[in-house]
Each structure stands twice: as structure tokens, then as C-alpha cells.
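Novice: below is the structure, and that's it, no one-letter string:
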């Protein structure tokens, strides 16, 4: 899907969403508009690179989680060492 087509479809979806009445259970939408939005969603979800991108994002999250855990461990070690040094100075 060309970028300008995607952008205009997203803009149209935002306009529809922002105009929804939250007090109503159903909202009339023109069939052509609904079809356009559904086709765009289906096309975006079926693009060949989507799964690869998803896997890359999972790997990045896992790596960042490990980095954060290691940083927390290092911080705790420094904190423990400083606490021990402070206690040794008091004694």
C-alpha cells in the first residue's frame, strides 16, 4: 500500500473514531468507507515483512530487558559496596 494512501486511510479512520458517540452501541458507517478501512487493515496485516519486524521487536525487547536487569544488578552491587564502606568507616 503506498504511503500516501496509508496516511489518508489512517486519517480517515481517526476522523471516524473521533466522531463516534460513546453513548451509542451502534454507529452507521458507509459501506464504502468501512470496506476501505477493512481492506487497508487486512493489507497492512498481510504484508510479508510484518512477521520479521515483529520478531525483531521481540528480540529488541528481550535484549533491553536483559540490559535493564544487568544494570539493576550492577547498581545493587555498588549500593551494597557503598553501604559496607560507610558501615566500616563508622566502626
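Specialist: Thanks, I have it. This structure is a prediction, so every number in the text was calculated from the model and none was measured.
Novice: CA atoms for contacts and neighbours, from now on please.
Specialist: OK.
Novice: report how many residues lie close to residue 53.
Specialist: Residue 53: 11 surrounding residues under other C-alpha atoms under 10 Å.
Novice: low-confidence bits of this protein, can you list those?
Specialist: Along the chain, segments meeting pLDDT under 70 span 1-3, 47, 50.
Novice: in terms of residue numbering, what are the domains of it?
Specialist: Following automatic domain parsing, one finds the domains of the chain at 1-47, 50-91.
Novice: and the helices in the chain?
Specialist: 3-18, 31-45, 50-90 (DSSP state H).
Novice: any idea how many residues pack against residue 34?
Specialist: By other C-alpha under 10 Å, 13 other residues sit near residue 34.
Novice: what residues are up against it?
Specialist: With contacts defined as C-alpha atoms under 8 Å, 6 or more residues apart in numbering, residue 34 has no neighbours.
Novice: look up how far residue 16 lies from it.
Specialist: Taking C-alpha to C-alpha, to the nearest Å as the measure, residue 34 falls 10 Å from residue 16.
Novice: then residue 28?
Specialist: Distance from residue 28 to residue 16, by C-alpha to C-alpha: 10 Å.
Novice: between these two, who's got more neighbours?
Specialist: Neighbours were counted for residue 28 and for residue 16 using other C-alpha under 10 Å; residue 16 has more, 13 against 7.
Novice: count of residues packed around the closest residue to residue 6 other than its chain neighbours?
Specialist: With sequence-adjacent residues excluded and distances taken as C-alpha to C-alpha, 6 or more residues apart in numbering, residue 6 is closest to residue 40, at 7.3 Å. For residue 40, the neighbour count with other C-alpha under 10 Å is 17.
Novice: wait, doesn't residue 40 sit right on residue 8?
Specialist: No - judged on C-alpha atoms under 8 Å, residue 40 makes no contact with residue 8 at a distance of 10.6 Å.
Novice: how close does the residue most central in space within the chain get to residue 4?
Specialist: The centroid of the chain falls nearest to residue 57 when counting by C-alpha atoms, centre = their mean (9.4 Å). According to C-alpha to C-alpha, residue 57 and residue 4 sit 25 Å apart.
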